[in-house]
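A.B. asks: turn this into a structure:
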Amino acid sequence: MRSAAALARLTLSASLTLSASLTLSASLTLSASLTLSASLICTTAHAQTQEGIAQTRFNKGRELFITGQFSTALVEFRAASELYESPNSRLYIARCERELGHAASAYVEFERAASEAADRARSDPRYASTRDVAKQEAAALEGKLAHVTVLAPSPGLPDGATITVNGGALGAAGLGVAAPIDPGVVDVVAKAPGYLVLHKTARAAAGEAVEIKIQLEKDPAAATNANANANANANANNANGNTTIVVDNRPRSSHGLRNAGFVVGGIGIAGMGAFAGFAALAQTRFDQLKRECGGPCDASKAAQIDEGQTFQNIANVALAVSGTAILTGAIMIIAGISTGNHETTASIAPLSHGGWYAGVSRAF
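C.D. replies: Predicted structure coming up:
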């Protein structure tokens, strides 16, 4: 009996625990459902609010349009279109542009309204009338428009190039395409880094099509600045043990460089004289000590030894400096012989495996 009673209590406890678990699970599920429903309701309400405001501004714009206040009406129709895209708002935007005398802008908006209405008419037949009206009103404007085609050069525009037509940007996709434009003066401006600004104008009457070719020319001033920067970078090689002389490509006489070469070479020759003199003194001192000591000298001859070593060091420095000056002067003279618009570069640089490189190069 005790075992039966104990079993009954355990069964009851398990039932209560299971019931509590089911209740908690149901509460959680209900809470999640309520949260999701609330989110959907808020989203739907927001969309309805946007559409409602758009409808209010559309109605206000139509009232202004009827009374001939086209500029103010255009503001309302554009705001309605931003809040809720509708082919009907686009249709009235086009009508406002037309009444304000902007035939090209109106034509573009009529075409967009017709396209958007055609897409919606597939699922909502009410937009078929908007599609047809927009096409008719666009066709009525065609005779009042001019067309301009901007032709790009071959192989194409430089990097960073920009083109504007009557102040409006023309992208790469618009090149070679006949675009509608209001009759009158067509003003085309093309720019690119390192190139001269191109400014072309033409006149196009209603029903007329014009073509404007773009051909940018390099800016000489930009090229000069680039050469100056290149020269500065080349001359910076001196910090790495190189000697570089760069002659820019501006048309000028080469006599100055050649004369400077003679001066540098003369300094080198004079240095060779100094080398010969100090080398002779060092040799004389060496011979004197050899005679007096007959072999290695003791500390009593330290002053004479130091003096001979000093003569030898000076001779070595004079040899290195004069050799470099003579070689540099020779290269400058060679570089100065040529004239014309070619960039000539004379270089002296140490080689990694020993020795020196000297040469002249010219860019055409």
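A.B. asks: which parts of the stretch 251-364 of the chain are helices?
C.D. replies: With DSSP state H, counting those that start in this stretch as the criterion, the stretch 251-364 of the chain has helices at 255-293, 302-337.
A.B. asks: tell me which other helices or strands the shortest one touches.
C.D. replies: Just to be clear, that refers to helix 302-337. Under the contact criterion of 3 or more CB pairs under 8 Å, 6 or more residues apart in numbering; DSSP states H and E, helix 302-337 touches strand 243-247, helix 255-293, strand 343-350, strand 356-363. Every C-beta, even on glycine, is put in place using the N, C-alpha and C of the backbone.
A.B. asks: just to revisit the earlier point, in JSON lines, list the helices of the stretch 251-364 of the chain along with distance to Gly143, mean pLDDT and mean neighbour count.
C.D. replies: As requested, the helices of the stretch 251-364 of the chain are exported to JSON lines (distance: least, CB to CB, whole Å; pLDDT from 0 to 100; neighbours: other CB atoms under 10 Å):
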{"stretch": "helix 255-293", "distance to Gly143": "69", "mean pLDDT": "74", "mean neighbour count": "15"}
{"stretch": "helix 302-337", "distance to Gly143": "68", "mean pLDDT": "75", "mean neighbour count": "17"}
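A.B. asks: next, format the ones you listed as TSV and append distance to Arg120.
C.D. replies: Output for the helices of the stretch 251-364 of the chain, formatted as TSV (distance: least, CB to CB, whole Å):
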stretch	distance to Arg120
helix 255-293	76
helix 302-337	75
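A.B. asks: can you say which of these is nearest to Ser115?
C.D. replies: helix 302-337 (67.1 Å; CB to CB).
A.B. asks: the closest one to helix 255-293, inter-axis angle?
C.D. replies: Using axes from the mean of the first three to the mean of the last three CA atoms, to 10 degrees, the direction of helix 302-337 lies 160 degrees away from that of helix 255-293.
A.B. asks: going forward, begin numbering at 400 instead of 1
C.D. replies: From this message on, residue numbering opens at 400, which makes the last subject helix 701-736.
A.B. asks: got the buried residues for the helix or strand containing Val507?
C.D. replies: Using DSSP states H and E, Val507 sits in helix 502-520. Judged by neighbour count using 16 or more other CB atoms under 10 Å, the buried positions of helix 502-520 are 502-513, 515-517, 519-520.
A.B. asks: my read is Ala605 is in a helix, agree?
C.D. replies: No. Assessed with DSSP: H, G, I helix; E, B strand; the rest coil, Ala605 is coil; it does not lie in a helix.
A.B. asks: that older thread, so which of the helices of the stretch 650-763 of the chain comes closest to Leu463?
C.D. replies: Closest among the helices of the stretch 650-763 of the chain, using CB to CB: helix 654-692, at 76.1 Å.
A.B. asks: packing partners of that closest one?
C.D. replies: Helix 654-692 packs on helix 701-736, going by 3+ CB pairs under 8 Å, 6+ apart.
A.B. asks: not counting sequence-adjacent ones, nearest residue to Pro486?
C.D. replies: Ala516 (3.8 Å; CB to CB, 6 or more residues apart in numbering).
A.B. asks: touching, the one you found and Thr529? I think so.
C.D. replies: Yes. The criterion here is CB atoms under 8 Å, and Ala516 meets it with Thr529 at 4.0 Å.
A.B. asks: which residue ranges form the strands in the stretch 450-599 of the chain?
C.D. replies: With DSSP state E, counting those that start in this stretch as the criterion, the stretch 450-599 of the chain has strands at 545-550, 561-564, 567-568, 578-580, 583-590, 597-603.
A.B. asks: nearest to Gly707, of those?
C.D. replies: Here strand 583-590 is closest among the strands of the stretch 450-599 of the chain (CB to CB), at 72.0 Å.
A.B. asks: which residues does the nearest residue to Thr561 once chain neighbours are set aside contact?
C.D. replies: Spatially, and ignoring its direct neighbours in sequence, Thr561 is nearest to Lys590 (5.3 Å; CB to CB, 6+ apart). Contact analysis of Lys590 by CB atoms under 8 Å, 6 or more residues apart in numbering lists Ala560, Thr561, Val596, Leu597.
A.B. asks: give me that answer again for 7 Å
C.D. replies: By CB atoms under 7 Å, 6 or more residues apart in numbering, the residues touching Lys590 are Ala560, Thr561, Val596.
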